[in-house]
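> when you get a sec, could you give me coordinates for this:
(2 chains)
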Amino acid sequence: MAGDAAGNVPIKRTPLYEKHRALGAKIVPFAGYEMPVRYAGDIEEHLAVRQRAGLFDVSHMGEFEIRGPGADAFVDFVSPSRLSALPYGKIAYSGLTTDQGTFVDDILAYHLGERHYMFVVNASNKDKDFAWLRSHAAGFDVQLDDLSDETALIAFQGPLARGLVAPLAEGFDALAVPYYHLAEGRLAGRPARFSRTGYTGEQGFEIFLSNADAPHAWDALLEAGAAHGVVPAGLGARDTLRLEAALPLYGNDIDDTITVLEAGLDFIVDWDKERFLGREALLAQRSAGPARRRVGFEVRGPGIARHGQAVLVDGQPAGFVASGSIAPALGKAIGMAYVPATAGGLGRELEIDVRGRRVPAVVVEMPFYRRPKAKKSA
Amino acid sequence: MPRPEDCLFTKTHEWVYREGDEALIGISDFAQQELGDIVYVNLGEAGRSLKTGDQLGEIESVKAVAEVYAPVSGSVVAVNAALADSPEKVNKDPYGDGWLARIKLSSLGELDGMMNFAAYSKHMADEGH
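Model prediction:
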């Protein structure tokens, strides 16, 4: 049997590494870190997050702060969104774009206060991103700080997550924080920033802490959730959860060869902005229409589509699978692919070249999974 | 049902359990743990002749796909049809209900070079697992 081999590169650990070991996690190298890929099992963890809640260590993510007299102009230049218009405490999903309108990275941008922002970036891109921001900062009078190595990040996601955080949160009402807003307070006595965001398609928080406070907070959340079936969840479940929610993964679904419009992420672009990296390319592509686009598909034959496999349209290679896996909450194989825009209509039949086998698939609506609407309480 | 102590192993984590001039084939408990939740098993058809190292089939977990190689030469007498609907049997019982194929051995001599469970365990330890 042969599978993926693990490389031997110098590698970092998050402040929760010992917790993962004690919980019996399988640890794998990911983006330069030793990260937990699973504890009990990918599917069990995935379903626990959908039905109850799961706790993820995502401390490998990068956190940059941007401040200074030129901060508003700078963040509006490096991203296609009008981040300076966000109210304080509001968060936006956006990107860092090249002058081709492709992705250096996708980010969460936080407007922390007056001329003060935080970008949360992908672990695998953080050095590249920071260098990119530096290289475009000339003339903006901004201060850039990379706080990644001193910042831990715990994601607590699932229908029970907010209710379980609330009694541990001090200094604010955790149940009152709106989606894509940030609140500052304490978690189990330790200073923390609570972000109503996530990468699972569920409700919950992503919680920023100091490295020193992270293990205490992790234990407090797991303890509070233990009686409710809350589990630690690894990168394996995180990937299938985000795929069901059709959330792009940098390196699979977006990269520096794929434009914002091809990815179908037009909503991050403020077309009224007069200046931002990639504006001319994106304007040109908007008027011509992108030649290819990201679509969701369901596999209709035996097998699972995987990243990089060819997509055939009318029997001819015409695109590629960006992400593919089994969808544990849906019980079928799904994926996202780039196909010619003319072949992207819902219901369009495709074939995937799964290691030489042509497996039928059909274009379906994204997201694949939508969480049930919360019941209104009296 | 074989116990791991009764099996012979390859470095690529297949096991072989000899029954007369036939052998049951599977993957080791270590292998199923490495893969995680197995969601698809494709073993092809019975009746094929394979040489040692030929691809017997493929196993997909949520995260990965792994090729399974024939650990011995021979003809495939049967594949475990139950895995088509219940691939998780490979996780739950890799030496029992999760067997993959039955092969009629073309040469008993091929078994001589294979590792027993103790040697396989030592090999795994040497590899850092």
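
> for residue B:61, which non-adjacent residue is spatially closest?
Take residue B:61 and drop its neighbours on the chain: the residue closest to it by C-beta to C-beta, 6 or more residues apart in numbering or on different chains is residue B:35, 4.0 Å away. (C-beta placed from N, C-alpha, C; glycine too.)

> what of residue A:301?
residue A:359 (4.2 Å).

> so the one you found touches residue A:309, yeah?
No: checked against C-beta atoms under 8 Å, the pair residue A:359 and residue A:309 is beyond contact range at 9.1 Å.

> helices of the chain, residue ranges please.
Defaulting to chain A. A:17-22, A:42-51, A:71-78, A:126-135, A:161-165, A:214-226, A:235-244, A:279-288 (DSSP state H).

> meant chain B actually
For chain B, applying DSSP H gives helices covering B:29-35, B:89-92, B:117-126.

> which of the ones you listed is buried the deepest?
helix B:29-35 (a mean of 20; mean count of other C-beta atoms under 10 Å in any protein chain shown).

> residues contacting it, please?
A:1, A:3, A:26, B:4, B:13-14, B:38, B:59, B:61, B:63-64, B:66, B:90-91, B:94-95, B:98, B:124, B:129 (C-beta atoms under 8 Å, 6 or more residues apart in numbering or on different chains).

> ChimeraX command for the buried members of those?
In ChimeraX syntax, the buried subset of the contacts of helix B:29-35 is picked out as below (16 or more other C-beta atoms under 10 Å in any protein chain shown):
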select /A:1,3,26 /B:4,13,14,38,59,61,63,66,90,91,94,95,98,124
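
> cross the contacts of helix B:29-35 against strands and list the overlap.
Mapping the contacts of helix B:29-35 onto strands (DSSP state E) picks out A:26, B:14, B:38, B:59, B:61, B:66.

> may I see the residues you listed arranged in JSON lines, with pLDDT and distance to residue B:28 as well?
Listed next are the ones in strands among the contacts of helix B:29-35 as JSON lines, based on pLDDT from 0 to 100; distance: C-beta to C-beta, whole Å:
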{"residue": "A:26", "pLDDT": "95", "distance to residue B:28": "16"}
{"residue": "B:14", "pLDDT": "95", "distance to residue B:28": "7"}
{"residue": "B:38", "pLDDT": "97", "distance to residue B:28": "13"}
{"residue": "B:59", "pLDDT": "96", "distance to residue B:28": "12"}
{"residue": "B:61", "pLDDT": "96", "distance to residue B:28": "15"}
{"residue": "B:66", "pLDDT": "94", "distance to residue B:28": "12"}
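
> distance to residue A:287 for those - can I get that in TSV?
Listed next are those as TSV, based on distance: C-beta to C-beta, whole Å:
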residue	distance to residue A:287
A:26	49
B:14	57
B:38	48
B:59	48
B:61	45
B:66	47
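
> now for these, which pair is the farthest apart?
A:26 and B:14 (20.8 Å; C-beta to C-beta).

> ok so, going back, tell me the most buried of the helices of chain A?
Taking mean count of other C-beta under 10 Å, helix A:235-244 is the most buried of those, at a mean of 25.

> show me what it is packed against.
strand A:33-38, helix A:42-51, strand A:54-57, strand A:316-327, strand A:332-340 (3 or more C-beta pairs under 8 Å, 6 or more residues apart in numbering or on different chains; DSSP states H and E).

> which of those sits most buried?
Highest mean neighbour count among those (mean count of other C-beta under 10 Å): strand A:54-57, a mean of 28.

> keeping just the C-alphas, turn that strand into CSV.
What follows is strand A:54-57, C-alpha atoms only, in CSV (Å, rounded to 0.1, in the frame of the first residue of the first chain):
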residue,chain,number,x,y,z
GLY,A,54,-16.1,20.9,17.8
LEU,A,55,-12.9,22.6,19.0
PHE,A,56,-10.1,23.3,16.5
ASP,A,57,-6.6,24.5,17.1
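
> check the offset of that strand from the chain's centre.
14 Å (C-alpha atoms, centre = their mean, to the nearest Å).

> helices or strands up against that strand?
Using 3+ C-beta pairs under 8 Å, 6+ apart, strand A:54-57 is in contact with strand A:151-157, helix A:214-226, strand A:231-232, helix A:235-244.

> strand partners (parallel or antiparallel) of it?
Sheet partners assigned to strand A:54-57 using DSSP bridges are listed as strand A:151-157 (antiparallel), strand A:231-232 (parallel).

> contacts for that strand?
With C-beta under 8 Å, 6+ apart as the test, strand A:54-57 has contacts from A:14, A:16, A:19-20, A:35-36, A:45, A:48, A:152-158, A:200, A:218, A:221-222, A:225, A:230-234, A:237-238.

> nearest residue to the residue nearest the centre of chain B in space, please, no chain neighbours.
Centroid-nearest residue in chain B: residue B:26, 2.3 Å away (criterion: C-alpha atoms, centre = their mean). Nearest residue to residue B:26, sequence neighbours excluded (C-beta to C-beta, 6+ apart): residue B:99, at 4.6 Å.

> cool, and residue A:297?
Residue A:297 sits nearest to residue A:361 (C-beta to C-beta, 6+ apart), 4.4 Å away.

> cool, residue A:62 as well?
residue A:126 (3.1 Å).

> got the contact list for the closest residue to chain B within the stretch 251-378 of chain A?
Closest residue of the stretch 251-378 of chain A to chain B, C-beta to the nearest C-beta: residue A:326 (4.6 Å). Applying C-beta under 8 Å, 6+ apart to residue A:326 gives the contacts A:240, A:304, A:332-334, B:39-40, B:62.

> how about TSV for the residues you listed, with pLDDT and distance to residue A:71 added?
Below are those laid out as TSV (pLDDT from 0 to 100; distance: C-beta to C-beta, whole Å):
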residue	pLDDT	distance to residue A:71
A:240	98	37
A:304	96	45
A:332	95	46
A:333	97	44
A:334	98	40
B:39	95	47
B:40	95	50
B:62	95	42
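
> from the residues you listed, pick the one nearest residue B:113.
For the contacts of residue A:326, the nearest to residue B:113 is residue B:40 (31.3 Å; C-beta to C-beta).

> was I right about the closest one contacting residue B:62?
No: counting by C-beta under 8 Å, residue B:40 does not reach residue B:62; the two are 9.9 Å apart.

> give me the more crowded residue out of these two.
The neighbour count for residue B:40 versus residue B:62, taken as other C-beta atoms under 10 Å in any protein chain shown, is higher for residue B:62 (24 against 18).

> quick one, phi psi at that one?
phi -50, psi -40 (degrees, to the nearest 10).

> spatially nearest residue to it (excluding sequence neighbours)?
residue A:42 (4.1 Å).

> the one you found: what's it in contact with?
Residue A:42 neighbours (C-beta under 8 Å, 6+ apart): A:234, A:236-237, A:240, A:328, B:36-37, B:61-63.

> one more pass at 7 Å, please.
A:236-237, A:240, B:36-37, B:62-63 (C-beta atoms under 7 Å, 6 or more residues apart in numbering or on different chains).

> and those, which is closest to residue B:120?
Among the contacts of residue A:42, and counting by C-beta to C-beta, the member closest to residue B:120 is residue B:36, at 20.7 Å.

> that closest one touches residue A:234, doesn't it?
No: contact criterion C-beta atoms under 7 Å: residue B:36 and residue A:234 do not qualify, at 9.3 Å.

> for chain B, see how far away residue A:18 is.
According to C-beta to the nearest C-beta, to the nearest Å, residue A:18 and chain B sit 19 Å apart.

> rewinding a little: is it true that the residue nearest to residue B:26 touches residue B:23?
No: contact criterion C-beta under 7 Å: residue B:99 and residue B:23 do not qualify, at 10.4 Å.

> tell me the residues on chain B that lie near chain A, please.
Counting by C-beta under 7 Å from any C-beta of the partner chain, the residues of chain B close to chain A are B:12-14, B:27, B:31, B:34-37, B:39-40, B:60, B:62-69.

> many thanks, have a good one.
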